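> following is a predicted model, sequence given first.
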Amino acid sequence: MQITLLAIGKTDNTELSQLIAIYEKRLKHYIKFDFLILPDIKNSKNLSEAQQKQKEGELILAQLQPGDALVLLDEKGKHYSSMEFSQFLQKKMNSGLKRLVLVIGGPYGFSDDVYQKCNDKLSMSKMTFSHQMVRLFAVEQLYRGFTILKNEPYHHQ
Ligand SMILES: C[S@@+](CC[C@H](N)C(=O)[O-])C[C@H]1O[C@@H](n2cnc3c(N)ncnc32)[C@H](O)[C@@H]1O
């Protein structure tokens, strides 16, 4: 299985990019992983929130290939512990899935079209994080999940 993490707009802070790169590199020891950043919507200041979400949604959906599982990171999604998240990953791998696409929404979240196409929604907290910060939390939780599956001493219950 391959995992693709999709986000909109480049990571705007060097320290954050460096931290993401550390976990990205670690994660790649366990699974084929790519972090795909879609370009910011042009002239977004002249768009309503709904229009921006719609355009971002079109960019997101254009990335999908037949057979992908589309899973949104969304504060209104299912809550998993890190152990449960590792089991979620294991089940996806066991199912023969070719690519798991995890998506981080833009500043206003996802369009209805994206919600309709998704297979699942995962929340990392009831709190809302910035779309920039979530990138780091996502790569760290993916890395943590694989260390749990490999019984490696990173996660402590
Ligand atoms: C600033 S939030 C958007 C919040 C917006 N109110 C909404 O309706 O979704 C930007 C993105 O970060 C991600 N995000 C923020 N908090 C999250 C959480 N607790 N769990 C999972 N993803 C989260 C989601 O992908 C969200 O679309």
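Looks like it came in fine.

> go through stretch 39-56 and flag the buried ones.
Going by neighbour count (16 or more other Cβ atoms under 10 Å), the buried part of stretch 39-56 is I41, S44, Q52, K53, Q54, K55, E56. To be clear about C-beta, it is placed using only N, CA and C from the backbone, and glycine gets the same treatment.

> my error: substitute stretch 84-104 in the last question.
F85, S86, F88, L89, K92, L97, R99, L100, V101, L102, V103, I104.

> for stretch 119-138, same thing?
For stretch 119-138, burial by neighbour count (16+ other Cβ under 10 Å) applies to K121, L122, S123, M124, H131, Q132, V134, R135, L136, F137, A138.

> got JSON lines for these, with pLDDT, secondary structure and distance to the ligand too?
As requested, the buried residues of stretch 119-138 are arranged in JSON lines below (pLDDT from 0 to 100; DSSP: H, G, I helix; E, B strand; the rest coil; distance: Cβ to the nearest ligand atom, whole Å):
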{"residue": "K121", "pLDDT": "98", "secondary structure": "strand", "distance to the ligand": "8"}
{"residue": "L122", "pLDDT": "98", "secondary structure": "strand", "distance to the ligand": "6"}
{"residue": "S123", "pLDDT": "98", "secondary structure": "strand", "distance to the ligand": "4"}
{"residue": "M124", "pLDDT": "97", "secondary structure": "coil", "distance to the ligand": "4"}
{"residue": "H131", "pLDDT": "93", "secondary structure": "coil", "distance to the ligand": "4"}
{"residue": "Q132", "pLDDT": "94", "secondary structure": "coil", "distance to the ligand": "9"}
{"residue": "V134", "pLDDT": "97", "secondary structure": "helix", "distance to the ligand": "4"}
{"residue": "R135", "pLDDT": "97", "secondary structure": "helix", "distance to the ligand": "9"}
{"residue": "L136", "pLDDT": "98", "secondary structure": "helix", "distance to the ligand": "12"}
{"residue": "F137", "pLDDT": "98", "secondary structure": "helix", "distance to the ligand": "8"}
{"residue": "A138", "pLDDT": "98", "secondary structure": "helix", "distance to the ligand": "8"}
